[in-house]
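> Kindly generate the corresponding structure for this input.
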Amino acid sequence: MQVEGSQFPGRHWHRLEDGRIQCDVCPRFCKLGDGQRGLCFVRARSGEQMVLTTYGRSSGFCVDPIEKKPLNHFLPGTPVLSFGTAGCNLTCKFCQNWDISKAREVDRLNDFAAPDDIARAAVQLGCRSVAFTYNDPVIFLEYAIDVAKACRARGLKTVAVTAGYMAPEAREEFYAHMDAANVDLKAFTEDFYHRLCGGHLEAVLDTLKYLKHHTSTWFEITTLIIPGENDSAAEIDALSRWVVESLGPDVPLHFSAFHPDWKMREKPPTASSTLVSARSIAKANGVRHVYTGNVHDANGGSTWCHACGDLVIGRDWYELTAWNLTPEGGCRTCGARPAGLFEARPGTWGRKRQPVRLMI
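Numbering: from 1, shown residues only. A predicted model of the protein is given here:
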């Protein structure tokens, strides 16, 4: 397939003895002849180099609550300017953003914005951060990093919403520029990743361990619970035990409800009781902050003090309903500090979702 559209020089690739070039951004290591694209569709070979075909091009911009990423321990209540591009380096049959991540028509991207345009717009809109989301920023690494640099120059934070499917060298460069991340740990079996995602579990676990032990990036984990696929008590038990043993008890864990979509429309939605049960298992295994998502569950969406058990931050969907942190970030009852980035006062953005067009 021939390369079309904008072409920005890509990084993290090398030439093979047979004349092809290999993309080293993710564990797929796509090997390309001239004019061919990788599985993600947006990284391609043009002549003697790798190019990114979606640099500066977005599927749209929206101001969201930071809790929607989801991040519950990173600047709660504040607005984040969110955007994505097109394509993905996994092939999840249950993709909830398939119209963007599975897009093969790059020209459908309707907003062009240079990195500084995005940072400037985020400041003008009153956002505290910019999120790379809707599709995985791993595949538009060069664009995401340039936006992150522009954001830091203006005092903004950056957030990666990602599946964590990334090769080591690219991962090191990428996370040097990210302030926070939400990583999809899609399941805890190799069979699930191979059969439903076209990937491998170990690469994602490696990313999580790298984030914890080699970066200052704040991160939280989300697992979409799919009936009959990754919802067994045994798997939830193994997953949450691994989180505590490998990452520690302070990494927040979100269990979200599946809704039938893309190529898994025959599956029923996840029952609220399944999420409540998963939350109980993870808490019993020592995960201090476990959340339920995509269902109305004020208890499971709120933050509770890991030391005394009192309510620290109340939430109703994405709306903050209570704030019981001291200006120093400790529980008002016992003084214990939850891990994360908290300010003296919460943001007031609420649950609003505001699509925006950048005026360049």
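> which other residues reach the helix or strand encompassing Y143?
Assigning secondary structure by DSSP states H and E places Y143 in helix 141-153. Under the contact criterion C-beta atoms under 8 Å, 6 or more residues apart in numbering, helix 141-153 has outside partners 8-12, 25, 52, 54-56, 85, 115-116, 118-119, 122, 129-130, 132, 137, 157-158, 160, 170, 173-174, 177-178. Where C-beta positions appear, they are placed from N, C-alpha and C, glycine not excepted.
> does the closest residue to F41 other than its chain neighbours sit in a helix, a strand or a coil?
Distances taken as C-beta to C-beta, 6 or more residues apart in numbering put G87 closest to F41, at 4.4 Å, once the chain neighbours are dropped. The three-state label given to G87 by DSSP: H, G, I helix; E, B strand; the rest coil is coil.
> Touching, G87 and A44? I think so.
No. G87 sits out of contact with A44 when judged by C-beta atoms under 8 Å, with a separation of 10.5 Å.
> More neighbours: which of those two?
Counted by other C-beta atoms under 10 Å, G87 and A44 do not tie: A44 has more neighbours, with 27 against 24.
> Shouldn't that one be within a helix?
No. Secondary structure assignment (three-state DSSP) places A44 in strand, not in a helix.
> next one: phi and psi at R37?
Main-chain dihedrals, R37, degrees, to the nearest 10: phi -110, psi 150.
> What count of nearby residues applies to it?
Under the neighbour criterion other C-beta under 10 Å, R37 is assigned a count of 22.
> Skip the chain neighbours and tell me the closest residue to it.
Once flanking residues are discounted, R37 sits nearest to A44: 4.3 Å by C-beta to C-beta, 6+ apart.
> And for T222?
With sequence-adjacent residues excluded and distances taken as C-beta to C-beta, 6+ apart, T222 is closest to H254, at 4.3 Å.
> Report the beta-bridge partners for that neighbour.
T222, Y291 (DSSP bridges).
> who's in contact with it?
Taking C-beta under 8 Å, 6+ apart as the definition of contact, the neighbours of H254 are P70, N72, N182, E220, I221, T222, T223, V290, Y291, T292, G293.
> In the protein, which residue is most central in space?
When the chain is reduced to its mean C-alpha position, the nearest residue by C-alpha atoms, centre = their mean turns out to be V161, at 1.6 Å.
> so D231 makes contact with P269?
No. Under the criterion of C-beta under 8 Å, D231 is not in contact with P269, lying 11.8 Å apart.
> between those two, which one's more packed in?
Per other C-beta under 10 Å, whichever of D231 and P269 has more neighbours is D231, with 20 against 14.
> Can you give me the neighbour number for the residue nearest to the more buried one when sequence neighbours are not counted?
In this structure, D231 finds its nearest non-sequential neighbour in I225, 5.0 Å apart by C-beta to C-beta, 6+ apart. Other residues within reach of I225 by the criterion other C-beta under 10 Å amount to 23.
> For the helix or strand hosting S280, buried residues please.
S280 belongs to helix 272-284 when assigned by DSSP H and E. Going by neighbour count (16 or more other C-beta atoms under 10 Å), the buried part of helix 272-284 is T274, L275, V276, S277, A278, R279, I281, A282, K283.
> okay if I get the residues you listed as TSV plus pLDDT and distance to L211?
Rendered in TSV, the data for those read as follows (pLDDT from 0 to 100; distance: C-beta to C-beta, whole Å):
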residue	pLDDT	distance to L211
T274	97	27
L275	98	24
V276	98	28
S277	98	27
A278	98	22
R279	98	22
I281	98	23
A282	98	19
K283	98	22
